[in-house]
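J.: my questions are about this predicted structure, shown below with the sequence.
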Amino acid sequence: MKAGTALALLAAYLALSAPCAASHSVPAFATVAGITNLKLRSPAAMTPLRMSGGGVASSDKIIVKSPTDAEKASAQGWPTWGCEVSKFPWSYDQNETCLLITGEVTVTPNGGEPVEIKAGDMATFPAGMSCTWDVKKTLSKHYNFF
């Protein structure tokens, strides 16, 4: 698949599946679909993150921590996503680590306890987890799937 085709498919997927506005610059059709501020970066510009202390989430736990300076610097090269106050279900096909830039959210894994995440926190969500996002204050985050 050509890179341009893959990018268009990703933008279309985000437009159809994301309950909030993604923060990445995309083709005009994506803006019509509600995606704004999309900042896509080449895969080479994304630095994978290994969280200190073992960092890969178990299949049912969300890990929330204060990031190190190195982790903050690494996250600056990741794409961004934003969402207004809302509540929606979400499932993770891959592990995700994110650094919340602004806002507050409570994420409740199906059958689990709520986890609060606020601006400045770094969180890792395990692949296979389904949960409910309850965005309390408009948020933006850097994110990385691995």
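T.: Sure thing, it's come through.
J.: what stretches of this structure score poorly on pLDDT?
T.: Along the chain, the parts satisfying pLDDT under 70 run over 1-60.
J.: and the helices in it?
T.: For the chain, the helices defined by DSSP state H occupy 3-17, 28-32, 69-75.
J.: tell me where the longest strand sits in this structure.
T.: strand 130-145 (DSSP state E).
J.: and that strand, what does it pack against?
T.: Judged by 3 or more CB pairs under 8 Å, 6 or more residues apart in numbering; DSSP states H and E, strand 130-145 is in contact with strand 80-83, strand 86-91, strand 96-109. No exception for glycine: its C-beta is placed from N, CA and C like everyone else's.
J.: pick the most buried one from those.
T.: Using mean count of other CB atoms under 10 Å, the stretch among the helices and strands packed on strand 130-145 with the greatest mean number of neighbours is strand 80-83 (a mean of 21).
J.: got the helices and strands packed on strand 130-145 as CSV, with distance to Asn144 columns?
T.: CSV is the format used below for the helices and strands packed on strand 130-145 (distance: least, CB to CB, whole Å):
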stretch, distance to Asn144
strand 80-83, 11
strand 86-91, 16
strand 96-109, 5
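J.: OK, contacts around Thr106?
T.: Pro114, Val115, Glu116, Ile117, Trp133, Asp134, Lys136 (CB atoms under 8 Å, 6 or more residues apart in numbering).
J.: just the buried members of those?
T.: Among these, those scoring as buried are Val115, Ile117, Trp133, Asp134 (criterion: 16 or more other CB atoms under 10 Å).
J.: next up, the contacts around the residue nearest to Lys136 when sequence neighbours are not counted.
T.: Spatial nearest neighbour of Lys136, chain neighbours left out: Glu104 (4.4 Å); criterion: CB to CB, 6 or more residues apart in numbering. Listed by CB under 8 Å, 6+ apart, the contact partners of Glu104 are Glu116, Ile117, Lys118, Ala119, Val135, Lys136, Lys137, Leu139.
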